[in-house]
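sequence? don't have it. structure:
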């Protein structure tokens, strides 16, 4: 059993059946999750990952604008 990082519901899967990078969906809240570590076992919301990528993309755009300005 693993616990959803979004809603703390128990997800009925065996930790030994999952590898780092595998994805699954929480049956209770519908969150898309990714295994980020198997020892210790840790899940991360894919929504959080997308938000981080969006933030990084915005920073890259800002850098390009600064270079164009110079």
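Structure's in. What do you need? Worth saying up front: this structure is predicted, and the values here are computed from it rather than measured. Numbers count the residues shown, from 1 in each chain.

what sits against the nearest residue to residue 11 once chain neighbours are set aside?
Take residue 11 and drop its neighbours on the chain: the residue closest to it by CB to CB, 6 or more residues apart in numbering is residue 2, 4.9 Å away. Glycine gets a C-beta too; all of them are placed from N, C-alpha and C. For residue 2, the contacting residues are 10, 11, 13, 15, 18, 41, 43, by CB atoms under 8 Å, 6 or more residues apart in numbering.

by neighbour count, which of those residues wins?
For the contacts of residue 2, neighbours were counted using other CB atoms under 10 Å, and residue 43 has the most, 22 neighbours in all.

so where's this structure shaky on pLDDT?
48-70 (pLDDT under 70).

residue 42: neighbouring residues, count only.
Using other CB under 10 Å, residue 42 has 13 other residues around it.

for it, name its beta-bridge partners.
Beta-bridge pairing for residue 42 (DSSP bridges): residue 37.

that one and residue 36 touch, don't they?
Yes: the criterion here is CB atoms under 8 Å, and residue 42 meets it with residue 36 at 5.0 Å.

surely residue 24 and residue 18 touch.
Yes: counting by CB under 8 Å, residue 18 is a contact partner of residue 24 at 7.3 Å.

got any residues that touch both of those two?
Shared contacts of residue 24 and residue 18 (CB under 8 Å, 6+ apart): residue 35.

give me the contacts around stretch 11-30.
Here stretch 11-30 makes contact (CB under 8 Å, 6+ apart) with 1-4, 6-7, 9, 31-38, 41, 43, 46.

which among these count as buried?
Among these, those classed as buried by 16 or more other CB atoms under 10 Å are 2, 4, 6, 31, 33, 34, 35, 43.

element containing the fifth one?
Per DSSP states H and E: residue 33 is located in strand 32-38.

ok, residues contacting that strand?
Around strand 32-38, the neighbours that count as contacts under CB under 8 Å, 6+ apart are 4-6, 11, 15, 18-26, 41-47, 49.

7 Å - rerun?
Applying CB atoms under 7 Å, 6 or more residues apart in numbering, the external contacts of strand 32-38 come out as 4, 18-26, 42-47, 49.

may I have the phi/psi pair for the closest residue to residue 3 other than its chain neighbours?
Once flanking residues are discounted, residue 3 sits nearest to residue 10: 5.9 Å by CB to CB, 6+ apart. With angles defined as degrees, to the nearest 10, residue 10 sits at phi -80, psi 130.
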